[in-house]
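S.K.: Okay, predicted coordinates and the sequence, questions at the end:
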Protein chains: 2
Amino acid sequence: MRIQTTSDGFDLILDGTVLLRHRSDAPCLFAGRGDARIAMYRGNFDIEDYVIERVPLRHAVVSGPEIAFSEAPGQPVRLVLRVAGDDRNGSVAFRADDGAINRIWLRIEAERGEHVWGGGEQMSYFDMRGRRFPLWTSEPGVGRDKTTEITFKADVTGRAGGDYWNTNYPQPTYLSSRRYALHVETTAYSAFDFRRDGFHEIEIWAVPERVEFTARPTFVALVEAMSDRFGRQPPLPEWVYGGAIVGLKDGARSFERLERIVAAGAKVSGLWCEDWVGLRHTSFGARLFWDWKANEDRYPGLRQRMAELEDRGIRFLGYVNPYLAVDGSLFPEADAAGYFAKDENGNTALVDFGEFECGVVDFTNPEAAAWFAERVIGQNMLDYGLSGWMADFGEYLPIDVTLANGVDARLMHNAWPTLWAEVNARAVASRGKTGEVLFFMRAGFTGVQRYCPLLWAGDQSVDFTRHDGLVTVICGALSSGLLGNAYHHSDIGGYTSLFGNVRTAELIVRWAEMGAFTPVMRTHEGNRPRDNLQIDEDPEVLRHFARMTQVYVHLVPYLKSLVAEASSRGLPVQRPLFLHFEDDARTYAIQDAYLYGPDLLVAPVWQAGRTEWTTYLPKGAEWVHVWSGETYAGGSDVTVAAPFGQPPVFHRAGSRFGDLFAGLRNL
Amino acid sequence: MRIQTTSDGFDLILDGTVLLRHRSDAPCLFAGRGDARIAMYRGNFDIEDYVIERVPLRHAVVSGPEIAFSEAPGQPVRLVLRVAGDDRNGSVAFRADDGAINRIWLRIEAERGEHVWGGGEQMSYFDMRGRRFPLWTSEPGVGRDKTTEITFKADVTGRAGGDYWNTNYPQPTYLSSRRYALHVETTAYSAFDFRRDGFHEIEIWAVPERVEFTARPTFVALVEAMSDRFGRQPPLPEWVYGGAIVGLKDGARSFERLERIVAAGAKVSGLWCEDWVGLRHTSFGARLFWDWKANEDRYPGLRQRMAELEDRGIRFLGYVNPYLAVDGSLFPEADAAGYFAKDENGNTALVDFGEFECGVVDFTNPEAAAWFAERVIGQNMLDYGLSGWMADFGEYLPIDVTLANGVDARLMHNAWPTLWAEVNARAVASRGKTGEVLFFMRAGFTGVQRYCPLLWAGDQSVDFTRHDGLVTVICGALSSGLLGNAYHHSDIGGYTSLFGNVRTAELIVRWAEMGAFTPVMRTHEGNRPRDNLQIDEDPEVLRHFARMTQVYVHLVPYLKSLVAEASSRGLPVQRPLFLHFEDDARTYAIQDAYLYGPDLLVAPVWQAGRTEWTTYLPKGAEWVHVWSGETYAGGSDVTVAAPFGQPPVFHRAGSRFGDLFAGLRNL
């Protein structure tokens, strides 16, 4: 990382790549003040910023590693940037002498034709060029497309429609096709604007600690560097390889249904019952009871059942989130200890979740975090015998609560998912079960990589839509994978059924086909189980699902090699095509197909009514269609038959797993 | 208007009212640069601004009447404001030495509890406090409420849904309850932001010529001053008092239908046939043929018919707009003379109106404007015998055309409605028919007052909705009336029928009841006549309409007194309650009732299914319910019966027109 001064400014260069280009008539840095209005409605946010000042800092004085910015010669210095690092890893630390600054805009040099990826887990657009991405953890939205009826209805009834950029897991980090990565070290609201030809604009609602730059000669090396930077996950538990995790929330009936699923030939590694805590009945329907301990009224003899299942290689998983219902048993305990976030009057802040209220455990208080890890997760979940759970939420920290660490909740909001992940990871570690217990999260932010062993793609609608259906899961896996999240999976069949939108058998079938080619295969009954088809309600669907679990298990030797690669190098299991074909620019924007490790290319059918499917095969390899055995040269689109049960999957000719892949034809 | 300097800034004071309060830590002026993206879709605009710089001009140096603003002491002067005027009329002229400035933000001192009105013709909110109002002439939108299905569908199918601030007639002028008015002399895009407690923020996408301030001791005097400033309309033509103008567009059948309407007892002053130019058949249905001359295929023997009608006191009216269809007879004539706006290559710019294209007559070219006034309006319309017309459009100037005067079309876009009005007014004046020929416009901008004799409220949906139905017409009349537009009226029955939304009999009935208490009563068949009920298709509707025309005619002596008042003082015929009751603050935000002159209070029923109606009667007068004769003290809400035919109308006790008003009971 070096600063090259010019007659009228400077260039900041990392390994030959110009990252900042500052001239007095084209400054790279703007500072100012904003006054944001932020309203939360159950995890959906209306955010509007009133920019009071946005002042170009035209005058830059370089002295050694420091660059002092002011509006003009002779004017006070507003910001000082301190450059550090070598040719591979650079950083620019920010220091403001002016406490009034709460908005920063930094322009990064860009090229026409450049591609950018990342931003956390993005569900709509993998290649982010051409669009602006606010980075603020929230509900992802229902529909996520302002031109659809579902989005409109979700917006009108609950401000919940969302848009292309809404995500549970934002992260102010991107990779560029110019072979560098940029990361902003901040938890403030930020936005990446990739709409300009000549620059990317990074907007941050605080003076950030620093901006980090990473340069590597290849995309693979860049992704490895991201994993080194943000943290690596433990390998998947061995038990997961036994088959799918079946999600049922039917009380004791769940066990009977599980038996029928197993009897149909499904390979099952886990039974996941989010209703293990019991139910609360509201006018919206049955909700979980947010008091995190087993409910043996709903699940009689649960410990016995769990032990019996474990003997057969089937683990039991539950559910938890960071809220405690006021009418539960844990609330008074936490409240007495002062573990909840406070409202403006210093009382316990209560958040409305729809006919019930909860306290928010204040994870900035180390004692509260330790209590939740030990008392709730440790004793009530791990000691009870759970092998995993959905660690739900993390996006809902209200911006008007007071926290123990004294930091503005607006600055802690984005940090919350990582704190929540850490609480879970510490609890697991406290029992020595890291790598054996599997929890999965939808929320994330910088550093979640270090704590969360498995992402799940959040709450897709039960449909094939472009912005909220099956295909969005791929985008989520690819974007988050580049930032060091090796493991990703989704709800087979989708989750959200609203406004009459219900699952078809075809949707479950296509989703299961994709799920077999992800590191963890898991089903979900969805938000309205009784209105929606379940995997065990249609013999054809169940037969197909069972076969796909066999595909998953058949691929375990290969999957284990990918897990080993994730552990040693930080490479994600699901990878964008360009990761291994970086000279083929046609791969740069592909977001509906992925490499499942280096040797398999998976192009899930994500539209209804299709019997064949067209996908691009990268140049530089020969590709064997796994179901027909037919070989294709890379470098062009190919169309293959794609009947139910034969998702478009290709393996590299010459793979050392060639025989294993060929064996898929006999399943 | 005086500047009072302080240790750290200045106050600008008009007649004791502080308008600008500048301190170095709370500057009143910001300057900068923006880069707007403006996309037009048939008169609907998507506008997004990228604010590159917004720099507070903290340092102000007052010398005599000039104030020089810079960022800091010793820095270059960015803007110079020159203050002029007396205690009643002040102005602040702007001068920028820096040509790069294309955004100005000016903060006007505001008070908690202050009300503001104006902004041109606003359809949703009369009191603008608490909201932001972009001021850019456009289609008003269909639905205009992002929570309704109609708005959603209009947005999705044609980006045409609109929002609360969209209007055909914006004007950067407002009146404050602090008894002053502010006007920005500019045609650039601007926005009034009334959302802050301590200041109003005026945003202008150019350095404006000046900002004008007017102070008067009373609201009436302030409104008179606006009329003096912006221009006064000629009195209504005498023939209008004969009854309603009936809108039919049924070719020769229009005459037969008119006879049946007259036979039913309707008083009729005009027959308005917008299809007088003939039709074009498109896949959207029948459209008018945009070549402005009589079509005697569709209206055989039209001049004879017109003469016969005129003998009976019924005038004939037509339709015109500023476009010429490429396949019409006038296009080649204008094209050969070079009268059209040009595209980027210097060729005639063609605008797509849906299966046909048009040239835009360039009214910045004095020859082109004169040609349109003489050749089109003068010869084809006035000499042919028309007594009036809808002068449609004016909002559609594309922002990417090249104009004869060399000014950026983005700066001429807002100016267009006034240029269009001027062309019409000049044509009328050329035949000596000012005050006898009546044209009416929906588009407007600063100065349209001088040329346009009558506003019409644009294209309401055929419903009772809050943001696009009957009630919006009142808001339009009141807001535009404060700015010197004395005459306002609307399409009885509404206009826009889309997505299955069709007229009910009740809607026509309630709209006709309101129309009888406006200066001009006119019906419209709507955009889809065959799908919607017409006034002559239901005997009850026709009977009711006929009676309402009798009410209108009965009130003519009173209306004439209002017209005289408009001519002499510039007071609008329809007035907000506060205009005559300025000490009663409860009247300040009322927008669903109005004073029809000083002595009548009209509270139209604007919701469906109502048999009674509640309205507020201002303090300081006694009010007589015209249908029952019952008297009410002012200062509280009253509820009266409101059956069809008895719109809630009250007259002041003691009015010199008391006998006339009492006579309404005998109709």
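M.R.: Right, received. Where do you want to start?

S.K.: Now name the helix or strand holding the residue of the stretch 201-350 of chain A found nearest chain B.
M.R.: Per CB to the nearest CB, residue A:201 is where the stretch 201-350 of chain A lies closest to chain B, at 8.8 Å. All C-beta spots, glycine's among them, are computed from the backbone N, C-alpha and C. In the assignment (DSSP states H and E), residue A:201 maps to strand A:199-204.

S.K.: Likewise for residue A:234?
M.R.: Going by DSSP H and E, residue A:234 is not in any helix or strand.

S.K.: got a pLDDT number for it?
M.R.: At residue A:234, the model reports a pLDDT of 98.

S.K.: if I pick it, what's in contact with it?
M.R.: By CB atoms under 8 Å, 6 or more residues apart in numbering or on different chains, the residues touching residue A:234 are A:434-435, A:453, A:567.

S.K.: What of residue A:264?
M.R.: Residues in contact with residue A:264 (CB under 8 Å, 6+ apart) are A:536, A:539, A:542-543, A:545-546.

S.K.: which one of those residues sits closest to residue A:334?
M.R.: Taking CB to CB as the measure, residue A:334 lies nearest residue A:536 of the contacts of residue A:264, at 38.2 Å.

S.K.: Pull up the residues of chain A that are close to chain B.
M.R.: Contacts of chain A with chain B, taken as CB under 8 Å from any CB of the partner chain, map to A:30, A:32, A:51-56, A:71-72, A:74-75, A:146-147, A:149, A:152, A:155-156.

S.K.: Now, those that are in strands?
M.R.: Judged by DSSP state E, these include A:30, A:32, A:51-56 as members of strands.

S.K.: out of those, who's nearest residue A:115?
M.R.: Distance to residue A:115 across these (CB to CB) is lowest for residue A:30, with 25.2 Å.

S.K.: pLDDT at that closest one, what is it?
M.R.: What the model reports for residue A:30 is a pLDDT of 98.

S.K.: Kindly tell me how buried the residue nearest to it when sequence neighbours are not counted is, as a neighbour count.
M.R.: If you skip the residues right next to it in sequence, residue A:30 has residue A:105 as its closest partner in space, 4.0 Å away by CB to CB, 6 or more residues apart in numbering or on different chains. Using other CB atoms under 10 Å in any protein chain shown, residue A:105 has 23 other residues around it.

S.K.: Give the partner strands of the one helix or strand residue A:105 maps to in its sheet and their orientations.
M.R.: Residue A:105 belongs to strand A:103-109 when elements are defined using DSSP H and E. If you go by DSSP bridges, strand A:103-109 pairs up with strand A:29-41 (antiparallel), strand A:199-204 (antiparallel).

S.K.: Run through who's touching that strand.
M.R.: Contact with strand A:103-109 is made by A:18-21, A:27-34, A:51, A:53-54, A:79, A:94, A:182, A:198-208, A:211, as judged by CB under 8 Å, 6+ apart.

S.K.: I'd say residue A:67 and residue A:10 touch.
M.R.: Yes - proximity of residue A:67 to residue A:10 meets the contact threshold set by CB atoms under 8 Å, at 6.8 Å.

S.K.: Mutual contacts of those two, please.
M.R.: Jointly contacting residue A:67 and residue A:10 under the rule CB under 8 Å, 6+ apart are A:3, A:60.

S.K.: If you count surrounding residues, which of these two has more?
M.R.: residue A:67 (26 against 20).

S.K.: Just to be sure, the more buried one is in a strand?
M.R.: Yes - using DSSP: H, G, I helix; E, B strand; the rest coil, the assignment for residue A:67 is a strand.

S.K.: returning to what we had before: relative to residue A:389, which of the strands paired with strand A:103-109 is closest?
M.R.: Across the strands paired with strand A:103-109, closest to residue A:389 is strand A:29-41 (CB to CB), at 25.3 Å.

S.K.: how about residue A:378, secondary structure?
M.R.: Three-state call for residue A:378 (three-state DSSP): helix.
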